[in-house]
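> Have a look at this fold, sequence not included:
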Ligand SMILES: Nc1ncnc2c1ncn2[C@@H]1O[C@H](COP(=O)(O)OP(=O)(O)OP(=O)(O)O)[C@@H](O)[C@H]1O
């Protein structure tokens with residue numbers, strides 16, 4: 001099981017709207033990076049053609065409970081940021 005997080009641009013009003021809230025709105029192009037517990041993919045939002053980076057975090061593969069908690073906390077914090085970069089958890 002995995003949690004997936006995308007890093008995407010926001011609209012001019014600082015929000016991304018519903019279009020970035022569902023995986024069905026993204027078409028994955030290719031893998032562009034790999035972290036310790038994650039894989040990052042280049043993807044396109046089929047609604048507005050925006051190119052985004054989708055980060056898939058193998059959160060339940062993390063055996064270290066603290067690392068898992070830190071990751072969940074980071075996703076939670078980042079999800080509340082209203083800036084030019086928006087994050088969503090799927
Ligand atoms: N927004 C992005 N655009 C382009 N490439 C990215 C983006 N985010 C991450 N990457 C690529 O994916 C790789 C992995 O990123 P990720 O953030 O998952 O791990 P990390 O924090 O670099 O490493 P670790 O998980 O081991 O601490 C990066 O090194 C980078 O090459």
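Nice, I can see it. Computed from a predicted structure; not experimentally measured.

> For this protein, what lies in contact range of the ligand?
Proximity of the chain to the ligand (C-beta under 6 Å from any ligand atom) is limited to residues 7, 32-38, 40, 53, 55. C-betas here are computed from N, CA, C, even on glycine.

> Got a quick ChimeraX command for the buried subset of those?
If you want just the buried ones from the residues of the chain next to the ligand in ChimeraX, going by 16 or more other C-beta atoms under 10 Å, the selection is:
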select :37,38,40,55
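
> Kindly reformat the residues of the chain next to the ligand as a markdown table containing secondary structure.
Rendered in a markdown table, the data for the residues of the chain next to the ligand read as follows (DSSP: H, G, I helix; E, B strand; the rest coil):
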| residue | secondary structure |
| --- | --- |
| 7 | strand |
| 32 | strand |
| 33 | strand |
| 34 | strand |
| 35 | coil |
| 36 | coil |
| 37 | coil |
| 38 | strand |
| 40 | strand |
| 53 | strand |
| 55 | strand |
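
> what's the burial count for residue 20?
23 (other C-beta atoms under 10 Å).

> okay but it is in contact with residue 45, surely?
Yes - taking C-beta atoms under 8 Å as the definition, residue 20 is a contact partner of residue 45 at 6.5 Å.

> sorry, back to before: dump the residues of the chain next to the ligand into TSV; add pLDDT as well.
Formatted as TSV, the entries for those read as follows, by pLDDT from 0 to 100:
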residue	pLDDT
7	49
32	97
33	96
34	94
35	87
36	81
37	80
38	87
40	94
53	92
55	88
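
> Find the closest residue to the ligand in this protein.
Checking the chain residue by residue against the ligand with C-beta to the nearest ligand atom singles out residue 33 as nearest, at 1.9 Å.

> Report the separation between that residue and residue 42.
From residue 33 across to residue 42, the span is 9 Å (C-beta to C-beta, to the nearest Å).

> Please, where are all the helices along this protein?
Chain-ordered helices for the chain, with DSSP state H as the definition, fall at 65-79.

> By average pLDDT, which secondary structure element in the chain comes out worst?
Ranked by mean pLDDT, DSSP states H and E, the helix or strand of the chain with the weakest confidence is strand 3-9, at a mean of 48.
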